[in-house]
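Asker: Kindly return the folded structure for what I paste below:
(one chain, ligands or ions: 2)
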Amino acid sequence: MREIRGKPLSLLIDEGSIRKRVRELAREIEKDFSHSEGEPVVVGLLKGAFIFVADLVREMDIAVVVDFLWVSSYGQSTESSGVIKVLKDLDTDVEGRWVLLVDDILDTGLTLKEIHTFLLRKKPAVLRTCVFLEKEGRKKVDFNPDYIGFKVPNKFLVGYGLDWGEMGRNLKGIYAVES
Ligand code: IMP
Ligand code: MG
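Answerer: Ligands and ions are numbered 1, 2, ... in the order given. Next comes the predicted model:
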(Lines give C-alpha, C1' and ligand atoms only; values in the text may rest on other atoms or scores of the structure.)
(Ligands and ions follow the chains in the order given, each with its own letter.)
Protein backbone atom coordinates (compact mmCIF):
# COMPACT_ATOMS: atom_id res chain seq x y z
CA MET A 1 0.00 0.00 0.00
CA ARG A 2 1.15 3.51 -0.77
CA GLU A 3 1.80 5.94 2.05
CA ILE A 4 2.81 9.53 2.80
CA ARG A 5 4.74 10.24 5.99
CA GLY A 6 3.70 6.92 7.46
CA LYS A 7 -0.01 7.42 6.75
CA PRO A 8 -1.53 4.79 4.45
CA LEU A 9 -3.37 5.89 1.32
CA SER A 10 -6.48 4.19 0.03
CA LEU A 11 -7.49 4.49 -3.61
CA LEU A 12 -10.76 6.37 -4.14
CA ILE A 13 -10.77 7.12 -7.89
CA ASP A 14 -8.53 5.26 -10.32
CA GLU A 15 -6.76 6.61 -13.38
CA GLY A 16 -9.18 5.07 -15.87
CA SER A 17 -12.25 6.57 -14.17
CA ILE A 18 -10.53 9.97 -14.08
CA ARG A 19 -9.72 9.83 -17.78
CA LYS A 20 -13.30 8.88 -18.66
CA ARG A 21 -14.82 11.63 -16.52
CA VAL A 22 -12.40 14.31 -17.78
CA ARG A 23 -13.38 13.39 -21.33
CA GLU A 24 -17.09 13.76 -20.48
CA LEU A 25 -16.50 17.15 -18.84
CA ALA A 26 -14.51 18.34 -21.85
CA ARG A 27 -17.36 17.39 -24.21
CA GLU A 28 -19.88 19.27 -22.08
CA ILE A 29 -17.71 22.39 -21.69
CA GLU A 30 -16.77 22.41 -25.36
CA LYS A 31 -20.44 22.38 -26.34
CA ASP A 32 -21.35 25.21 -23.93
CA PHE A 33 -18.32 27.28 -24.88
CA SER A 34 -18.84 26.89 -28.63
CA HIS A 35 -20.88 30.12 -28.48
CA SER A 36 -17.84 32.06 -27.30
CA GLU A 37 -16.71 34.95 -29.47
CA GLY A 38 -12.95 34.50 -29.71
CA GLU A 39 -11.10 31.76 -27.84
CA PRO A 40 -12.32 30.97 -24.33
CA VAL A 41 -9.78 31.51 -21.54
CA VAL A 42 -9.25 28.56 -19.22
CA VAL A 43 -8.01 29.86 -15.86
CA GLY A 44 -6.39 27.21 -13.67
CA LEU A 45 -5.74 27.80 -9.99
CA LEU A 46 -2.21 26.98 -8.93
CA LYS A 47 -0.95 24.73 -7.81
CA GLY A 48 -3.67 22.11 -7.31
CA ALA A 49 -5.41 22.39 -10.69
CA PHE A 50 -2.34 22.04 -12.91
CA ILE A 51 -2.82 18.38 -13.80
CA PHE A 52 -6.59 18.61 -14.24
CA VAL A 53 -6.20 21.67 -16.51
CA ALA A 54 -3.55 19.88 -18.58
CA ASP A 55 -5.83 16.87 -19.13
CA LEU A 56 -9.02 18.89 -19.60
CA VAL A 57 -7.69 21.23 -22.30
CA ARG A 58 -6.13 18.33 -24.21
CA GLU A 59 -9.53 16.62 -24.34
CA MET A 60 -11.16 19.77 -25.73
CA ASP A 61 -11.43 20.06 -29.50
CA ILE A 62 -11.76 23.85 -29.57
CA ALA A 63 -9.06 26.52 -29.51
CA VAL A 64 -8.53 27.84 -25.98
CA VAL A 65 -6.15 30.17 -24.19
CA VAL A 66 -4.70 28.78 -20.95
CA ASP A 67 -3.76 31.00 -18.05
CA PHE A 68 -3.09 30.47 -14.36
CA LEU A 69 -3.93 32.37 -11.22
CA TRP A 70 -2.11 31.78 -7.96
CA VAL A 71 -3.63 32.93 -4.71
CA SER A 72 -2.93 32.16 -1.09
CA SER A 73 -5.70 32.05 1.45
CA TYR A 74 -5.22 33.67 4.81
CA GLY A 75 -6.28 32.00 8.04
CA GLN A 76 -5.65 28.67 9.74
CA SER A 77 -3.89 26.07 7.67
CA THR A 78 -6.61 23.41 7.88
CA GLU A 79 -9.51 25.55 6.75
CA SER A 80 -9.65 28.49 4.36
CA SER A 81 -10.84 31.90 5.51
CA GLY A 82 -12.07 33.14 2.15
CA VAL A 83 -9.69 36.09 2.29
CA ILE A 84 -7.29 35.81 -0.62
CA LYS A 85 -3.98 37.33 -1.56
CA VAL A 86 -3.07 37.26 -5.25
CA LEU A 87 0.44 35.83 -5.74
CA LYS A 88 0.25 35.66 -9.54
CA ASP A 89 -2.45 37.48 -11.49
CA LEU A 90 -3.61 36.60 -15.00
CA ASP A 91 -1.42 37.48 -18.00
CA THR A 92 -4.51 37.63 -20.20
CA ASP A 93 -7.00 40.48 -20.38
CA VAL A 94 -10.30 38.65 -19.93
CA GLU A 95 -12.64 41.61 -20.35
CA GLY A 96 -15.47 40.64 -22.70
CA ARG A 97 -14.21 37.05 -23.00
CA TRP A 98 -15.63 33.67 -22.04
CA VAL A 99 -13.76 32.38 -19.00
CA LEU A 100 -13.69 28.96 -17.38
CA LEU A 101 -12.30 28.97 -13.84
CA VAL A 102 -10.85 25.56 -12.94
CA ASP A 103 -9.93 24.25 -9.50
CA ASP A 104 -8.99 20.89 -8.01
CA ILE A 105 -11.47 20.63 -5.15
CA LEU A 106 -14.31 22.55 -3.56
CA ASP A 107 -14.32 22.08 0.20
CA THR A 108 -15.98 24.96 2.09
CA GLY A 109 -16.19 26.98 -1.14
CA LEU A 110 -14.83 30.09 0.58
CA THR A 111 -11.73 30.39 -1.61
CA LEU A 112 -13.46 29.73 -4.90
CA LYS A 113 -16.28 32.15 -4.15
CA GLU A 114 -13.75 34.89 -3.38
CA ILE A 115 -11.76 34.15 -6.57
CA HIS A 116 -14.99 34.13 -8.58
CA THR A 117 -15.77 37.64 -7.28
CA PHE A 118 -12.19 38.72 -8.05
CA LEU A 119 -12.51 37.51 -11.66
CA LEU A 120 -15.94 39.11 -12.13
CA ARG A 121 -14.31 42.49 -11.48
CA LYS A 122 -12.30 41.90 -14.67
CA LYS A 123 -15.64 41.97 -16.57
CA PRO A 124 -15.58 38.70 -18.52
CA ALA A 125 -18.55 38.17 -20.89
CA VAL A 126 -19.19 34.78 -19.27
CA LEU A 127 -17.62 33.20 -16.19
CA ARG A 128 -18.20 29.52 -15.47
CA THR A 129 -16.56 27.33 -12.86
CA CYS A 130 -15.34 23.76 -13.04
CA VAL A 131 -14.05 21.72 -10.12
CA PHE A 132 -12.63 18.24 -10.38
CA LEU A 133 -13.93 17.25 -6.93
CA GLU A 134 -16.58 18.51 -4.55
CA LYS A 135 -16.63 17.36 -0.92
CA GLU A 136 -20.11 16.46 0.20
CA GLY A 137 -21.69 18.30 3.10
CA ARG A 138 -18.85 20.77 3.59
CA LYS A 139 -20.03 23.90 1.80
CA LYS A 140 -20.16 27.04 3.93
CA VAL A 141 -21.17 29.49 1.22
CA ASP A 142 -23.79 29.49 -1.49
CA PHE A 143 -21.56 28.72 -4.44
CA ASN A 144 -22.36 26.11 -7.07
CA PRO A 145 -19.79 25.19 -9.71
CA ASP A 146 -21.19 24.72 -13.22
CA TYR A 147 -19.21 21.53 -13.80
CA ILE A 148 -18.22 18.92 -11.19
CA GLY A 149 -16.05 15.88 -11.88
CA PHE A 150 -16.85 13.76 -8.83
CA LYS A 151 -18.61 14.26 -5.49
CA VAL A 152 -16.39 12.83 -2.77
CA PRO A 153 -16.76 12.00 0.93
CA ASN A 154 -15.34 14.30 3.60
CA LYS A 155 -11.86 12.78 3.78
CA PHE A 156 -8.46 14.34 3.19
CA LEU A 157 -7.49 13.53 -0.39
CA VAL A 158 -4.26 13.56 -2.38
CA GLY A 159 -3.23 12.84 -5.95
CA TYR A 160 -4.00 14.21 -9.42
CA GLY A 161 -2.66 17.61 -8.32
CA LEU A 162 -3.96 17.58 -4.75
CA ASP A 163 -1.31 17.62 -2.06
CA TRP A 164 -0.72 17.05 1.60
CA GLY A 165 2.10 19.47 2.50
CA GLU A 166 3.29 19.38 -1.15
CA MET A 167 3.36 15.58 -1.17
CA GLY A 168 1.16 13.36 -3.30
CA ARG A 169 0.45 15.72 -6.20
CA ASN A 170 1.98 13.38 -8.77
CA LEU A 171 -0.10 10.31 -7.87
CA LYS A 172 -2.16 9.25 -10.88
CA GLY A 173 -5.32 8.44 -8.92
CA ILE A 174 -7.19 10.13 -6.07
CA TYR A 175 -6.32 8.67 -2.67
CA ALA A 176 -7.71 9.23 0.83
CA VAL A 177 -5.12 9.73 3.58
CA GLU A 178 -6.08 7.25 6.31
CA SER A 179 -5.13 7.85 9.95
P1 IMP B 1 -12.15 25.85 0.35
O2 IMP B 1 -12.03 27.32 0.30
O3 IMP B 1 -12.43 25.34 1.74
O4 IMP B 1 -13.18 25.31 -0.65
O5 IMP B 1 -10.73 25.28 0.01
C6 IMP B 1 -10.41 24.68 -1.16
C7 IMP B 1 -8.92 24.46 -1.25
O8 IMP B 1 -8.44 23.75 -0.11
C9 IMP B 1 -8.63 23.60 -2.44
O10 IMP B 1 -8.36 24.37 -3.59
C11 IMP B 1 -7.44 22.81 -1.98
O12 IMP B 1 -6.26 23.52 -2.28
C13 IMP B 1 -7.58 22.71 -0.49
N14 IMP B 1 -8.17 21.41 -0.07
C15 IMP B 1 -9.41 21.21 0.42
N16 IMP B 1 -9.63 19.92 0.69
C17 IMP B 1 -8.49 19.28 0.34
C18 IMP B 1 -8.09 17.86 0.36
O19 IMP B 1 -8.82 16.95 0.75
N20 IMP B 1 -6.84 17.62 -0.09
C21 IMP B 1 -5.99 18.57 -0.55
N22 IMP B 1 -6.32 19.88 -0.59
C23 IMP B 1 -7.56 20.22 -0.15
MG1 MG C 1 -6.28 24.83 -4.20
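
Asker: Return the residue spatially closest to G168, with its sequence-adjacent residues excluded.
Answerer: Once flanking residues are discounted, G168 sits nearest to V158: 3.2 Å by C-beta to C-beta, 6 or more residues apart in numbering. From N, CA and C alone the C-beta is placed, and that goes for glycine too.

Asker: for the helix with the most length in the chain, which positions count as buried?
Answerer: Longest helix of the chain, by residue count under DSSP state H: helix 15-32. By 16 or more other C-beta atoms under 10 Å, the buried positions in helix 15-32 come out as I18, V22, L25, A26, I29, D32.

Asker: ditto for stretch 58-73
Answerer: Within stretch 58-73, the residues that count as buried by 16+ other C-beta under 10 Å are M60, V64, V65, V66, D67, F68, L69, V71, S73.

Asker: burial count for the residue nearest to G168?
Answerer: For V158, the tally of surrounding residues (other C-beta atoms under 10 Å) stands at 24.

Asker: do the one 3 residues further on as well
Answerer: With neighbours defined by other C-beta under 10 Å, the count for G161 comes to 26.

Asker: Quick check: residues of the chain near ligand 1?
Answerer: Neighbours of ligand 1 within the chain, by C-beta under 6 Å from any ligand atom: 48, 80, 103-112, 156-157, 162.

Asker: Name whatever forms a beta bridge with the residue nearest to the spatial centre of the chain.
Answerer: In the chain, the centroid-proximal residue (C-alpha atoms, centre = their mean) is D103; its distance is 1.3 Å. Beta-bridge pairing of D103 under DSSP bridges involves V131.

Asker: same question, L127
Answerer: With DSSP bridges as the criterion, the beta-bridge partners of L127 are V99.

Asker: Test for you: state the pLDDT assigned to it.
Answerer: pLDDT, L127: 98.

Asker: Please apply the same query to S81.
Answerer: pLDDT, the model's per-residue confidence, is 72 for S81.
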